[in-house]
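Participant: predicted model and sequence follow; I will ask about them next.
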Amino acid sequence: MHTLLKLNCDLGESFGAWHMGLDSEVMPLIDQANIACGFHAGDPTVLVRTLTLAKQHQVEIGAHPSYDDRQGFGRRSVKMQAEELKHLLWYQIAAVDGVAKSLGLELSYVKPHGALYNDMMANPALLATVMQAVAGYHKPLKLMLLASVSAAEHKKLAKGYQLELLFEAFADRRYKTDGSLTPRSQTGSVLDQQAALEQVQLLLQTGAVVSDTGDKVALVADTLCVHGDNPEAVVLVKSIRQLLRGR
């Protein structure tokens, strides 16, 4: 049972005159905000605005770093040396951490974005590099990653770096039998509102989701990723919040 399941959402992804997401509508509904660090989206003013919103609604804050890929919104893989990636992550985490501190807030976790997230879940060496980077930051931070059938292995790896993990499930994404997400390029990879609500309900009741092949996949999650980039998504977040409150 997932009685303590939190809701997290990727926010702060506007840039200059380009507006992305409905942050002010979503922030009051969630527990954790994954805030863009400027390398896939976000800018200094958007960062301050988003952090201020999080403070107003007492939402836990996390850094949401990516590959250096503003043109591709962080959705394209970038080959990097391990040390380069560590430095890139430190740079982005420090930006959110420093501004947060100036506003009287504490950064508590890191959730990689887009292609970096997908790549680290598929590549053990890359995951180890990300873990080393987060563990090597000057203060303790948790790392948020995908809840999957490999969770025990991930915990063991993290323990070697004295790193605490947060496992997340997704409300509106179709799963494969190994607990990974069905690629967005495949039809049916993103669930409609009704299917997403049914998936959340099943996860809450049984601790499992149904995969693309119809098999049940057990997932132990600490947090549930929701999206708030359009009015329909906000309605879904409200419905999920009600489900959690009803427990």
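Facilitator: Cool, the structure landed. Numbers count the residues shown, from 1 in each chain.

Participant: next one, pLDDT for Gly74 please.
Facilitator: With respect to pLDDT, Gly74 has a value of 81.

Participant: Arg184 now?
Facilitator: Reported pLDDT for Arg184: 82.

Participant: how close does it get to Ala133?
Facilitator: The gap separating Arg184 from Ala133 is 26 Å, by CB to CB, to the nearest Å. All C-beta atoms are positioned from the backbone trio N, CA, C, and that covers glycine.

Participant: pick out whichever of these two has more residues nearby.
Facilitator: Taking neighbours as other CB atoms under 10 Å, Arg184 and Ala133 compare with Ala133 leading, 24 against 11.

Participant: ok, that one touching Tyr91?
Facilitator: No: counting by CB atoms under 8 Å, Ala133 stays clear of Tyr91, with 10.3 Å between them.

Participant: just the CA atoms of stretch 142-154, as CSV, please.
Facilitator: Coordinates of each C-alpha in stretch 142-154 appear next as CSV, following Å, rounded to 0.1, in the frame of the first residue of the first chain:
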residue,chain,number,x,y,z
LYS,A,142,18.3,12.6,-2.4
LEU,A,143,18.2,11.3,-5.9
MET,A,144,14.8,10.7,-7.5
LEU,A,145,14.7,7.9,-10.1
LEU,A,146,12.2,5.5,-11.7
ALA,A,147,10.6,2.8,-9.5
SER,A,148,11.2,-0.5,-11.4
VAL,A,149,11.9,-4.2,-10.9
SER,A,150,15.6,-3.2,-10.5
ALA,A,151,14.9,-1.1,-7.3
ALA,A,152,16.9,-3.4,-5.0
GLU,A,153,20.0,-3.2,-7.3
HIS,A,154,19.6,0.6,-7.4
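
Participant: what comes up buried for that stretch?
Facilitator: Lys142, Leu143, Met144, Leu145, Leu146, Ala147, Ser148, Ser150, Ala151, His154 (16 or more other CB atoms under 10 Å).

Participant: filter those down to just the ones in strands.
Facilitator: Lys142, Leu143, Met144, Leu145, Leu146 (DSSP state E).

Participant: tell me which of those residues is nearest to Leu244?
Facilitator: Met144 (18.0 Å; CB to CB).

Participant: list the contacts of the closest one.
Facilitator: Asn8, Asn34, Gly62, Tyr109, Val110, Lys111, Leu165, Leu166, Phe167, Glu168, Thr223 (CB atoms under 8 Å, 6 or more residues apart in numbering).
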